[in-house]
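[1] below: sequence and its predicted model.
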There are 2 protein chains.
Amino acid sequence: MTYSAPLADMRFALREVAGLAEIAALPGYENATDDMVDAVLEEAAKLAGGALAPLNKQGDVQGARLENGVVRTPDGFPDLYKQMVEGGWNSLPFDPAFGGQGMPWLLATAVQEMWQSANMGFALVLLLNQGAIDAIEHHGSEAQKQAYLPKMVSGEWTGTMNLTEPQSGSDLGTLRCKAVKNGDHYLISGQKIYISYGDHDMAENIVHLVLARTPDAPAGVRGISLFIVPKVLINADGGPGKRNDVRVASIEHKLGQHASPTCVMVFGDNGGAVGYLVGEEGRGLSYMFTMMNNARLNVGVQGLSIAERAYQQALAFARNRVQSKDDTKASNDGVPIIRHADVRRMLMTMKATIEAMRALGYYGAAATDLALRHPDAEQRKRAQFRLDLLIPIIKAWFTDAGGEVTSLGVQIHGGMGFIEETGAAQHQRDARILPIYEGTNGIQARDLVARKIARDGGETLRALIADMRSLGDALAKAPGDDLQAIRDGLLSAAAALDDATNWVAANVAKEIGATLAGSAHYLRLCGLALGAYVLAKGALTASQKLMSRDGDPTFLESKIVTARFFTDTLLPQGTALVAPMKASGRTVFALSEEQF
Amino acid sequence: MTYSAPLADMRFALREVAGLAEIAALPGYENATDDMVDAVLEEAAKLAGGALAPLNKQGDVQGARLENGVVRTPDGFPDLYKQMVEGGWNSLPFDPAFGGQGMPWLLATAVQEMWQSANMGFALVLLLNQGAIDAIEHHGSEAQKQAYLPKMVSGEWTGTMNLTEPQSGSDLGTLRCKAVKNGDHYLISGQKIYISYGDHDMAENIVHLVLARTPDAPAGVRGISLFIVPKVLINADGGPGKRNDVRVASIEHKLGQHASPTCVMVFGDNGGAVGYLVGEEGRGLSYMFTMMNNARLNVGVQGLSIAERAYQQALAFARNRVQSKDDTKASNDGVPIIRHADVRRMLMTMKATIEAMRALGYYGAAATDLALRHPDAEQRKRAQFRLDLLIPIIKAWFTDAGGEVTSLGVQIHGGMGFIEETGAAQHQRDARILPIYEGTNGIQARDLVARKIARDGGETLRALIADMRSLGDALAKAPGDDLQAIRDGLLSAAAALDDATNWVAANVAKEIGATLAGSAHYLRLCGLALGAYVLAKGALTASQKLMSRDGDPTFLESKIVTARFFTDTLLPQGTALVAPMKASGRTVFALSEEQF
């Protein structure tokens, strides 16, 4: 049950699909030389496979524990975390002004994929810290940045997101945590739930970002403000001060991600936790939204990562497990089950889905960099719109696929898949939270149709459809049956997506119920169609490289076959969703609540 | 987290789809009067909801334990089991000659659905016993029947199936357990794994059915014989004798079904376990096959059952959890999440899938009765062929759907779905074994194309397609848009199934690899198309009953809406699989093993 980073496909997706060369040439990314990028990928791969992965199962079995009011992470986690801080891994994409390395988000995303594949229960803390840094960097005062960012960027301190309350899950407008002004700070009181890494024993301090309501604030989302609430207060000299009035009440007993402590946090039991307002009062939720793209992209990447981990384990099993004869041969001798058609179909489904996710995820990460760094304002804006559109698709399609692929991983193991010691089941359990947290996939589908398509009438998506058709033109000139079959699939996906997008754009304002009823189908179509696009792009490049004898032909040929498998057998399950999308409004609301 | 048997839909599926009246009129089912059937359903519903369901979660949390070589089931299980034996629930479908009640398998299937919904970890022992009874009834000697069946039919003793060994999972031809003749019995030795309820504390004796190999037997499946190996030997007077040489070595730590002990069994550590040959030497596997239809139908029903349980829990949550405004209304007040479009889509998907499975499962169970009891030999044969064809579809499609529906159940709960205390996750964990045991779903797909379609060139399936088209003709005369939309869907499914079946029949002999590569797609198409057929049949009946004011209009209208939801939004995901099925052979085998 080891993990070996799929560097060949990562490099291919980075360079040939996401355009790493173009990204690395953006102003501010001068450090991202070819040599440096390669070194980062190789060192990260070593650390992921050699240090994170071996603790993954142990972390699941032992789990995080609450002992005397303090969370203890599984054995080995504190040392591993220290190693990551010392290696500078936390600081990869951040501003050198705060100790960051100023590398592209594109590269950081590939590295993140490795951490999450190797040990998702551990690596969740890295994601959360990244989000907290992002929030403070964008909305904190200069003094706050100076006080918190250097230690958070290095990873000596970690960050959390304190949003959810028992009555406030998807609907944050109803939250009740209180913040009362008290001189230069606020006193925070209330309960938060589902706080990942709300406490742990791996860092000196934990910086909680807390959404709370000031006394005279209006009801709903406009009354919510964002506060920094450090676990340990900071003295005037920057050193550690006294313990803040915040504690862990309990940790949850969950289906998966056992290593990651999910805490119930209580603020202000003894008079109020000291909190510092970020930005202005009443703007807390909008600040949270600005960091959501990053967080949702990363959760999408978790879907990709856990799928890759499950694939590697299932593949090793399928190569070793001998059972039954080869149906296509005369001999009655048992063969490794990878030779059986249905096992191979499952492996191909896993592989093709993973490679589509990787290419599309990196393509999305590249849009992050373009939106941040492109010298041309119009290009930045266009990239931002593209990123905004891709985010719900990446978050929801990847995490649904994470569930499907990890389930296939269990299935390939047969009876052994159901036995916990095998480890295949852990991946499916760990993956199950991904379609839920950071905005459920239903909320992503809503975001896609009601915001991202509604706000420009589908224009941004139509630009992607135009890219798909241009690629179709280029494929028309490419040699061989496979590329023509890929082209046919791509063009039918473009047509389906065009039709569906026009329908959504036309209906979202006037028939919001019916549009939302079909929104999950629309999102899945988008995922499969864009997955086909990035795989087709890779297949065309692979074909060109094969012709010019540039690169490993075994790998390049596999990119063409995998793309064709995807367009032939998975993509039609997406294009078939146009009719269900349009029809859903008719029946989804047709029963009374009593008829269920 | 209670369970309430869905009696209205069960009765509808029994009477209007599966033809209970016709089944009850078969010779031998004289006891199955309308009153008796109703009484059985109502009493079973009370027991399932009142006694089995309350122990479901407790069983998961506590699990089965191995203590001093003996398996202890969770608290309450032995008393519950005793109650079921005393109520005569074990004996429902069996021969009155052995204490059975001689009721139709159709009715027993509906009752089984309730047990499995209420507490699958517990109720698995009932299924296994049924299978063991079936095997002895069909293949045991008269003396064996007299010795074992009365106590097994009553449930005082339970049965097991000892098939799997570490090197022999799907491929039983490689099993190694030994059976050496020793006077009137054999001495059995070897290890068996994954033996559900291989030991427990609920019955006086356990009757193991064991596959083993005699010393000079040929290699492969023809060398395998079937033996009865009781845990406690039976004295000449029929009373309990000495303990046989069989023990539990360990029990597995599994993803789900914690209440059900999955045992490693060791036979013959002290010289050999006493075993009695069933039938003839070398025919063990063929005897096992004759009872497989029953076992696989029941595992399919488990998929339906766990889906129903998950649906009931998710529905209760969706009615109670208030979160966010209604998108279609002006008010900003939070509403129960059942009013949100995507939650409702998920609930409709669950409901429609469950009702399709129920109707198709009962339709299959009715074929069991017709094959056993129809006075006309030709009709019996036709029913047997139909049953044989339906079995892999019911087993695989239902159990895949069980995984999908229980996952939707978790999703509807949002963050709470991931917390074990909520109970939604247990259903998904429990459901995960169903696509694996009793023949993996890949093996079901193989059985469907390589045996069931191959053996008659698709003729039996074409008779079902003809039934679908006849129903289409009848629907053409029915009133209203919904029934016409259902008809359109049904006819397109018939066309897709026809096309796909012709392809399978034409290719299965000459292109076995390509046919198997597409077999999972074909099976799923069959499941969705036949699901649409039985729902459409129900919708037409509901429409007729509405017109004649016969029955509860609220329920009858829901049958029409649900059928339309299924044909509009789920069925197209099946008809879309024809092209992937045909295309799979091209790419599934196109990569070398090193290219994965």
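    Done, it's in.

[2] ok, residue A:508 to residue A:173 distance?
    22 Å (C-beta to C-beta, to the nearest Å). Every residue, glycine included, has its C-beta placed from N, CA and C.

[3] from what I can see residue A:533 touches residue A:469, true?
    No - in this structure, residue A:533 is not within contact of residue A:469 by C-beta atoms under 8 Å, at 10.1 Å.

[4] ends of stretch A:426-440, how far apart?
    21 Å (C-alpha to C-alpha, to the nearest Å).

[5] any idea of the mean pLDDT in it?
    Across stretch A:426-440, pLDDT averages out at 98.

[6] pull the distance from that stretch to the chain's centre.
    Its chain's C-alpha centre and that of stretch A:426-440 lie 11 Å apart, by C-alpha atoms, centre = their mean, to the nearest Å.

[7] is it positioned near chain B?
    Yes - Stretch A:426-440 is in contact with chain B by C-beta under 8 Å from any C-beta of the partner chain, via A:428-429, A:432-433, A:435-437, A:440.

[8] which members of those residues are classed as buried?
    A:428-429, A:432-433, A:435-437, A:440 (16 or more other C-beta atoms under 10 Å in any protein chain shown).

[9] which of those residues fall in helices?
    If you go by DSSP state H, these have A:428-429 in helices.

[10] could the buried ones among the residues of stretch A:426-440 next to chain B go into CSV alongside distance to residue A:516?
    Shown next, in CSV, are these (distance: C-beta to C-beta, whole Å):
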residue, distance to residue A:516
A:428, 29
A:429, 30
A:432, 24
A:433, 24
A:435, 17
A:436, 18
A:437, 21
A:440, 13
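
[11] go through the buried ones among the residues of stretch A:426-440 next to chain B and name the one nearest chain B.
    Among these, residue A:433 lies closest to chain B (C-beta to the nearest C-beta), at 4.9 Å.

[12] name the nearest residue to that closest one, sequence neighbours excluded.
    Nearest residue to residue A:433, sequence neighbours excluded (C-beta to C-beta, 6 or more residues apart in numbering or on different chains): residue B:418, at 4.9 Å.

[13] the one you found contacts residue A:260, doesn't it?
    No - in this structure, residue B:418 is not within contact of residue A:260 by C-beta under 8 Å, at 11.3 Å.

[14] what parts of the stretch 451-596 of chain A come near chain B?
    A:512-513, A:516-517, A:519-521, A:554-555, A:557-558, A:561-562, A:564-565, A:568-570, A:572-573, A:575-577, A:579-580, A:583-584, A:586-596.

[15] who's more crowded, residue B:418 and residue A:260?
    residue A:260 (29 against 24; other C-beta atoms under 10 Å in any protein chain shown).

[16] am I right that that one is in contact with residue A:199?
    No - using C-beta under 8 Å, residue A:260 is not in contact with residue A:199; the gap is 11.6 Å.

[17] who touches stretch A:303-312?
    A:2-4, A:6, A:112-118, A:120, A:347, A:350-351, A:353-354, A:357-358, A:361, A:398-403, A:405-406, A:408-410, A:424, A:427-428, A:430-431, A:434 (C-beta atoms under 8 Å, 6 or more residues apart in numbering or on different chains).

[18] buried subset of the residues you listed?
    Buried among the contacts of stretch A:303-312 by 16+ other C-beta under 10 Å: A:3, A:6, A:112-118, A:120, A:347, A:350-351, A:353-354, A:357-358, A:361, A:398-403, A:405-406, A:408-410, A:424, A:427-428, A:430-431, A:434.

[19] among the residues you listed, name the ones in helices.
    Using DSSP H, those in helices are A:112-118, A:120, A:347, A:350-351, A:353-354, A:357-358, A:361, A:398-403, A:405-406, A:408-410, A:424, A:427-428, A:430-431.

[20] tell me the average confidence for the longest strand along chain A?
    Ranked by residue count and defined by DSSP state E, the top strand of chain A is strand A:185-196. Per-residue pLDDT over strand A:185-196 has a mean of 98.

[21] that one vs chain B: in contact?
    Yes - contact of strand A:185-196 with chain B (C-beta under 8 Å from any C-beta) involves A:193-194.
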